[in-house]
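Asks: I would like to see how this sequence folds:
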Amino acid sequence: MEFKTTLNFKKEDFSISYQDPILLIGSCFIEHIGKKLSSLKFSTCVNPTGVVYNPISIQKTIEILLNNRRFTKQDLFFHGGLWNSFSHHSRFSDKDQSICLEKINSEIETSVSFFKTCKFLFLTFGTAFVYELESGEVVSNCHKLPAKTFTKRMLSVDEIYENYKNLIQKIQTLNPEIKIVFTVSPIRHLADGFHQNQLSKSTLLLAIDRICQNSTNTYYFPSYELVLDDLRDYRFYAQDMAHPNELAVAYVWEYFSECYFDKTTKEMIKKVESIIRDLNHKPFNPDSDEYRKFQEQLQRKIDELGFKF
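Replies: Below is the predicted model of the structure:
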């Protein structure tokens, strides 16, 4: 007797290998997957403007890379003792304006080069709600400014679709071979309200479905359904009861692996994981001959793979 509803497995007709650069942009859920890929020595670039949650801010991040935009002091504002950018996460903020700009533009320069050659682009939408300035600009981060600074509204399915229809054409002009994988974050935005969160997630799902139906080389990965419909239990949530815990992330990763990795890549992952375990090994006697031999064997394994650990 089954006591859970299991998501039917769907393997894509393509695979991700260690030779494929992967760009990941979106909510903090994409950070989990990006961190896992990076730890396993895949070639990744994760959130070049920091964590972004809504489709318009994700679009803005991509357009920054497409246009190779450079930020100047006119793009920054001073608040809370720091220089900030409405297009960037607070990890780029700094009390020194020049350092803030250096962090922003250095990340853009690296990411632009990566974008031109990447094989996969993963986009995770977190919410359909956006915060707009009086000018109509959608901000990626409010930087703790007073609520009255912004107007909050929910994007429509049509608005998201039209924006991404044009955006995908630009991306594919720059990089015709790129595959774009959309996901919806399973993290519930309960501060918006339970019903409003459901409306928001439904809007994102409908928009992505329309995008994938009408654009080539676009796909959907069901991270949202895996957590909300397959696991469907508070055992798999962190203490805030909104964010998936490590066990849930591991479950999604397992599905991700089956969906996108072939046998060769899985074998390589096992070798990388073995090396990571060996590197974390704490010897009883670091000066022993046994540990010296262990280190020599470990170095041979690392040299054989050719990755930096």
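
Asks: can you get me a residue count around residue 62?
Replies: 23 (other Cβ atoms under 10 Å). Backbone N, C-alpha and C define where each C-beta goes, glycine included.

Asks: nearest residue to it other than its sequence neighbours?
Replies: residue 167 (6.3 Å; Cβ to Cβ, 6 or more residues apart in numbering).

Asks: test my guess that the one you found contacts residue 59.
Replies: Yes: using Cβ atoms under 8 Å, residue 167 makes contact with residue 59 at a distance of 5.5 Å.

Asks: look at the residue nearest to residue 62 and give its secondary structure.
Replies: helix (DSSP: H, G, I helix; E, B strand; the rest coil).

Asks: now do the contacts for residue 133.
Replies: 86, 139, 149, 150 (Cβ atoms under 8 Å, 6 or more residues apart in numbering).

Asks: ok, of those residues, which one's closest to residue 212?
Replies: Closest approach between the contacts of residue 133 and residue 212, by Cβ to Cβ: residue 139, at 27.4 Å.

Asks: what ranges of this structure fall below the confidence cut-off?
Replies: 1-3 (pLDDT under 70).

Asks: so what are the domain limits for it?
Replies: If you go by automatic domain parsing, the domain ranges for the chain are 22-261, 263-309.

Asks: for those domains, which one ends up most surrounded?
Replies: domain 22-261 (a mean of 18; mean count of other Cβ atoms under 10 Å).

Asks: what about it, start to end distance?
Replies: Start-to-end span of domain 22-261 (Cα to Cα, to the nearest Å) is 13 Å.

Asks: for stretch 142-150, same thing?
Replies: End to end - Cα to Cα - stretch 142-150 spans 8 Å.

Asks: contacts only, for residue 214.
Replies: Residue 214 neighbours (Cβ under 8 Å, 6+ apart): 161, 165.

Asks: actually, residue 177.
Replies: residue 119.

Asks: how about the strands in the stretch 51-200 of the chain?
Replies: 77-79, 82-84, 120-125, 129-132, 151-154, 179-184 (DSSP state E, counting those that start in this stretch).

Asks: closest to residue 7 out of those strands?
Replies: strand 179-184 (13.5 Å).

Asks: give me the contacts around that closest one.
Replies: In contact with strand 179-184 (Cβ under 8 Å, 6+ apart) are residues 14, 26, 29-30, 119-126, 168, 171, 201, 204-205, 208, 211-212, 215, 217-224.

Asks: how far out from the middle of the chain is that strand?
Replies: Computed by Cα atoms, centre = their mean, to the nearest Å, the chain-centroid distance of strand 179-184 equals 10 Å.

Asks: list the neighbouring strands of that strand plus their orientation.
Replies: Sheet pairing for strand 179-184, assigned by DSSP bridges, gives strand 120-125 (parallel), strand 218-220 (parallel).

Asks: could you redo those as CSV and give each row distance to residue 289?
Replies: As requested, the strands paired with strand 179-184 are exported to CSV (distance: least, Cβ to Cβ, whole Å):
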stretch, distance to residue 289
strand 120-125, 45
strand 218-220, 52
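
Asks: of all the ones you listed, which lies closest to residue 245?
Replies: strand 120-125 (17.7 Å).

Asks: where does the most centrally placed residue in the chain land in three-state SS?
Replies: Residue closest to the average C-alpha location in the chain (Cα atoms, centre = their mean): residue 30, at 2.7 Å. Following three-state DSSP, the label given to residue 30 is helix.
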